[in-house]
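Student: this one's structure only:
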């Protein structure tokens, strides 16, 4: 009798892939006991076109096999089989010779499944029969499709569509106005205004005799500081009302840079100087108008509307607009770090406004003012990492300073009320509540510094796998509103705790290896089995989390104090870890690709984008994914080595 | 006397005992399987290899005993799942507790195993004259031989391949001295180096399967290196 352990081990491998996932236990074990495991090296021919069929079909467990036809002496690739793909079945089915040649594309472990077992399964198991029938129908179509495409491509060679590079998209450069109108600081406001109307311009730069920018006067300055004021100050020098200093930059900025700058500084004019400082001559000027006219969709407009909103409804409206902006950016293949920066700024602004509204509302409803005990609103998880492109679950918390003795309950109850209101508004704006209730409205996650320190101390001092898994989102906290200093202090406390408990990092690292990526990935995916997402690929758990987890561990190990996104973390790591110099940027780029893929999928399906239907991906996306998977594997190996995880037992 | 001469001599002695009815038939079947002088001239494709692993109560052949054996055959370069063997040996002389403390991870109820006689005879019948393969084979062979000797006054006649040595030989050449860094050729490290994903490493059958996966790759590498016949693989 064969070894149960070995048969069960092989059965567990078969079970991972259709159609064998549909078999009952007895049939599965019977099948497993009949299998042979064959190892083949790259380049080996398994069978050739018009060879007589073998007495077994093949299933790829590791590696890849290419199936090709030979037409007029030319090889035409019909399919590339990798993990989980079954091939060589048609011959068994039709009892004909092979119609394609199978060659090992990368060293492979193949399961050889006896033909008679497959025939019997086809007869006895309708689910299996259906699977193979479907596969045949599909693969015939695929063959025709592939062949006709291959022939087309052949006939018009050199006309391959060129794909724009998705990671380093070059956005257009904003053209500054170079014929800048300037004036000295001592001319009168009156004179300056007449120069502006003469040239029909909205701003004038005030310069020193060396042509260095001293300040700027805009339409708004004239309106607010001159016209709106009683009495005449028109005769006064422009230096009295100019905005100073001017925000100076160097030339050559892209639209993306400028929009970012506008969103961040909330300014509308930027002066270009020779070396970017205000101690060098003026070369040009870029105004909001220039930026807006070079870009139809404008996040600054959304940002402005959010800042000026006076009701939660308006916030929701703007967030919906941001989503269509996101769609435009994604379709234009704008660089992802730019997109995520913009969306994060917008999300943060919405949170900020939601907190303003809530504080006001509480005061109006119950007359309670915010306690003098300072607080800080924390975004957690992907939002904390500035990676929330689509509106997914809320994960947030409130951290406040120790209240004065006797006021603990009052302070807690105020911030809890605030948490409830804010999370309510965010929900209204489309950020659904966290199913695990990790929100500022939960008394557990609305706590003073000492309690938060206690939480982290417990997670770090006595790590256990499940607790580590559940606590990772807290380690990605980022202050969004209130006293960022409290958050910074908390982070320093955590660094202290982590250096005292080295074992924690190992647990943390081990957690990052929970999800090994599928190594091969082409036609059939490693898809989910659960009923809700059957046959979909979980891009978050299987590809993104392994990377974000790894980046987090290393960031805490190396005590990086900034609140960074996963790709920013990797780029930072590249500069401080000599061993990661090449791998980390690769991981950063890979992560951004995954984020984009998830966003595209989410926008198309109106979902979180987490589950991807394999057939919806195009060939380039699949190939890129394949590369990303090998990067993930390398990152995991690095962690494994660094933390010596082989020696830790479950 | 050369090793093969000793083996021939020992085998003749065993056959005499068989004729005298002093060895059980199952054991005699095993002894008789080793006939024919051309056995070593077989091609690697035509050779049946049995990759096996044992679990023991400790490291002393005198005091400790084998408590489980797991094995799987490699035929024409393919691992034949159906042609596998697994046995748990009942040890009435040692309490479970002792084994558990020695192994740490082993929590099997040894009372469920078969007795030693049935286990040995089953194993000998299963391996026949196949070439035995194991990771750090010296130890497993030593423990098996100690058991065979105690019970039947016999030792294994099979040719043996050690996967660690084979890997070393293919990677570094036959004369490479790795005494100072033997860790590189631990099973875990070899598996990782050859891209074999580790899973539960707590049973002899599980380890036998992993070792077989490794051996399969080594065998392909050996063919690439021009080793075509069994005698070349065995360096004979």
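Tutor: Thanks, I have the structure now. Quantities reported herein were computed from a predicted structural model and do not represent experimental measurements.
Student: I'd guessed residue A:549 sits against residue A:510; true?
Tutor: No. Contact between residue A:549 and residue A:510 fails when scored by Cβ atoms under 8 Å: they sit 9.9 Å apart. For every residue, glycine as well, the C-beta is placed using N, CA and C.
Student: any part of stretch A:36-50 near chain B?
Tutor: Yes. Contact of stretch A:36-50 with chain B (Cβ under 8 Å from any Cβ of the partner chain) involves A:36, A:37, A:38, A:39, A:40, A:41.
Student: most neighbours, which of these?
Tutor: Most neighbours among those, by other Cβ atoms under 10 Å in any protein chain shown: residue A:39, with 28 neighbours.
Student: beyond the lengthiest helix in chain B, next helix or strand please.
Tutor: Longest helix of chain B, by residue count under DSSP state H: helix B:204-224. Once the chain leaves helix B:204-224, the next helix or strand it forms, by DSSP states H and E, is helix B:230-233.
Student: what's in contact with that next one?
Tutor: Contact partners of helix B:230-233, identified using Cβ atoms under 8 Å, 6 or more residues apart in numbering or on different chains, comprise B:39-44, B:47, B:131, B:159, B:161, B:166, B:222, B:227.
Student: which of those fall within strands?
Tutor: Judged by DSSP state E, the contacts of helix B:230-233 include B:131, B:161 as members of strands.
Student: out of the contacts of helix B:230-233, which are buried?
Tutor: B:40, B:44, B:47, B:131, B:159, B:161, B:166, B:222, B:227 (16 or more other Cβ atoms under 10 Å in any protein chain shown).
Student: most widely separated two among those residues?
Tutor: For the buried ones among the contacts of helix B:230-233, the farthest-apart pair by Cβ to Cβ is B:40 and B:166; their separation is 16.4 Å.
Student: where does the one residue in the stretch 51-200 of chain A that gets nearest to chain B land in three-state SS?
Tutor: Nearest residue of the stretch 51-200 of chain A to chain B (Cβ to the nearest Cβ) works out as residue A:112 at 6.5 Å. Secondary structure for residue A:112, judged by DSSP: H, G, I helix; E, B strand; the rest coil, is strand.
Student: that one contacts residue A:31, doesn't it?
Tutor: No. The pair residue A:112 / residue A:31 is not scored as a contact, 11.9 Å apart, by Cβ under 8 Å.
Student: what residues are up against residue A:376?
Tutor: A:398, A:399, A:400, A:479, A:481, A:482, A:483, A:484, A:485, A:486, A:487.
Student: and the contacts of stretch A:114-130?
Tutor: By Cβ under 8 Å, 6+ apart, stretch A:114-130 touches A:19, A:22-23, A:27, A:30-31, A:34-35, A:53-57, A:89, A:92-93, A:132.
Student: do that again at 6 Å, thanks
Tutor: A:19, A:22, A:31, A:34, A:55, A:56, A:57, A:92 (Cβ atoms under 6 Å, 6 or more residues apart in numbering or on different chains).
Student: so which residues of chain B form helices?
Tutor: B:3-19, B:25-32, B:96-103, B:116-127, B:137-152, B:163-172, B:187-193, B:204-224, B:230-233.
Student: switch the residues of stretch A:36-50 next to chain B over to CSV; also include pLDDT and distance to residue A:98.
Tutor: Conversion of these to CSV gives the following (pLDDT from 0 to 100; distance: Cβ to Cβ, whole Å):
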residue, pLDDT, distance to residue A:98
A:36, 95, 19
A:37, 95, 22
A:38, 95, 17
A:39, 94, 21
A:40, 93, 16
A:41, 91, 20
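Student: farthest-separated two in those?
Tutor: So, the residues of stretch A:36-50 next to chain B by Cβ to Cβ: farthest apart are A:36 and A:41, at 16.9 Å.
Student: wait, doesn't residue A:176 sit right on residue A:283?
Tutor: No. Using Cβ atoms under 6 Å, residue A:176 makes no contact with residue A:283, being 7.5 Å away.
Student: which residue, other than its chain neighbours, is closest to residue A:322?
Tutor: Spatial nearest neighbour of residue A:322, chain neighbours left out: residue A:346 (4.8 Å); criterion: Cβ to Cβ, 6 or more residues apart in numbering or on different chains.
Student: okay, buried residues for the helix or strand where that neighbour lies please.
Tutor: Per DSSP H and E, residue A:346 falls inside helix A:336-366. Neighbour-count burial for helix A:336-366, with 16+ other Cβ under 10 Å as criterion, is recorded at A:336-355, A:357-359, A:362.
Student: can you check stretch B:130-148 too?
Tutor: B:130-137, B:140-141, B:143-144, B:146-148.
Student: Serialize the helices of chain B to TSV and add fields for distance to residue A:183 and mean pLDDT.
Tutor: Below are these laid out as TSV (distance: least, Cβ to Cβ, whole Å; pLDDT from 0 to 100):
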stretch	distance to residue A:183	mean pLDDT
helix B:3-19	104	85
helix B:25-32	107	91
helix B:96-103	89	49
helix B:116-127	100	94
helix B:137-152	92	94
helix B:163-172	78	90
helix B:187-193	72	89
helix B:204-224	79	94
helix B:230-233	92	88
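Student: with respect to burial, which of those helices scores highest?
Tutor: helix B:204-224 (a mean of 23; mean count of other Cβ atoms under 10 Å in any protein chain shown).
Student: now do the end-to-end distance for stretch A:370-387.
Tutor: Using Cα to Cα, to the nearest Å, the end-to-end distance of stretch A:370-387 comes out at 30 Å.
Student: from the chain's centroid, how far away is it?
Tutor: With Cα atoms, centre = their mean, to the nearest Å as the basis, stretch A:370-387 stands 20 Å off its chain's centre.
Student: so for that stretch, mean pLDDT?
Tutor: When pLDDT is averaged along stretch A:370-387, the result is 94.
Student: elements contacting the longest helix of chain B?
Tutor: helix A:4-14, strand A:36-40, strand B:48-56, strand B:66-75, helix B:163-172 (3 or more Cβ pairs under 6 Å, 6 or more residues apart in numbering or on different chains; DSSP states H and E).
Student: which one, of the ones you listed, ends up nearest to residue A:541?
Tutor: helix A:4-14 (19.5 Å).
Student: now do the buried residues in the helix or strand just after that closest one.
Tutor: Using DSSP H and E, the helix or strand that follows helix A:4-14 in sequence is helix A:25-32. The neighbour-count check on helix A:25-32 (16+ other Cβ under 10 Å) flags A:27, A:28, A:29, A:30, A:31, A:32 as buried.
Student: so which of these would you say is closest to chain B?
Tutor: residue A:32 (6.3 Å).
Student: show me the contacts for the residue nearest to the closest one when sequence neighbours are not counted.
Tutor: Excluding the flanking residues, the one nearest residue A:32 by Cβ to Cβ, 6+ apart is residue A:11, at 3.8 Å. For residue A:11, the contact set (Cβ under 6 Å, 6+ apart) comprises A:28, A:29, A:32.
Student: can you check residue A:250 too?
Tutor: Here residue A:250 is in contact with residue A:276 (Cβ under 6 Å, 6+ apart).
Student: phi first, then psi, for it.
Tutor: The phi and psi torsions at residue A:250 (degrees, to the nearest 10) take the values phi -90, psi 170.
Student: contacting residues for residue A:461?
Tutor: Contacts of residue A:461 (Cβ under 6 Å, 6+ apart): residue A:501.
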